[in-house]
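# Just to be clear, the model below is a prediction. Sequence and coordinates:
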Amino acid sequence: MRERKLIQRRRPLERRKRPGFFRVERPRQLWQLDMTSIWVAEHGWCYLNAILDCCTREIVGWSLELRCRTDEAIEEYKALAGYYPGAEARVRYGVLLDRLDRKAEARAVLAALLPYSRRAPRHVRKVQAEWIGMAERALRG
């Protein structure tokens, strides 16, 4: 079998790391925004904006729109950030706005988060210290 090359070589156990590969270890660590077009007989093409949790593979937020624009997808993310308690979702929303060159909006979202975090109980501040630090760094830089 080996002479006729019917046996495959063993692949290395470690996967090759490639750009865009993320290790997700817990829920709400990494979200993905998916925009899909759907044909609806009455309206023609509609667009489904879905936010997926990459760990649990659940849809955590969605909206159905007649237009496929970034603004509608950002509004869905904003609604989701308001739904989840704590700093994590709001910091993600601020960073997303910052990457879309909406600096003023990002600064407003992150600046509104910091006073809340200072008044939070100690155990909440301890859990969310990483996210609060990200917000402070984004406001400085």
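Thanks, I have it.
# Which residue is the nearest non-sequential neighbour of the residue nearest the centre of the chain?
Central residue of the chain (CA atoms, centre = their mean): Trp31, 3.2 Å from the mean position. Distance criterion CB to CB, 6 or more residues apart in numbering; nearest residue to Trp31, sequence neighbours excluded, is Ile51 at 5.5 Å. C-beta: built from backbone N, CA, C; applies to glycine.
# what domains does the record give for the protein?
Per automatic domain parsing, the structural domains of the chain span 28-68, 85-141.
# Looking at those domains, which one is packed in the most?
domain 85-141 (a mean of 15; mean count of other CB atoms under 10 Å).
# What is the subsequent helix or strand relative to the helix or strand bottoming out on mean pLDDT in the chain?
The weakest-scoring helix or strand in the chain, judged by mean pLDDT, DSSP states H and E, is helix 122-127 (a mean of 74). Under the assignment DSSP states H and E, the closest C-terminal helix or strand after helix 122-127 is helix 129-140.
# Show residues contacting that next one.
86-88, 90-91, 94-95, 98, 106-107, 110-111, 113-114, 117, 125 (CB atoms under 8 Å, 6 or more residues apart in numbering).
# just stretch 95-110 next, same as before
70, 74, 77, 90-91, 93-94, 134-135, 138-139.
# Dump these into JSON lines; add distance to Gly44 as well.
Converted to JSON lines, these look like this (distance: CB to CB, whole Å):
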{"residue": "Thr70", "distance to Gly44": "20"}
{"residue": "Ile74", "distance to Gly44": "23"}
{"residue": "Tyr77", "distance to Gly44": "25"}
{"residue": "Arg90", "distance to Gly44": "35"}
{"residue": "Val91", "distance to Gly44": "37"}
{"residue": "Tyr93", "distance to Gly44": "31"}
{"residue": "Gly94", "distance to Gly44": "35"}
{"residue": "Met134", "distance to Gly44": "41"}
{"residue": "Ala135", "distance to Gly44": "41"}
{"residue": "Ala138", "distance to Gly44": "40"}
{"residue": "Leu139", "distance to Gly44": "43"}
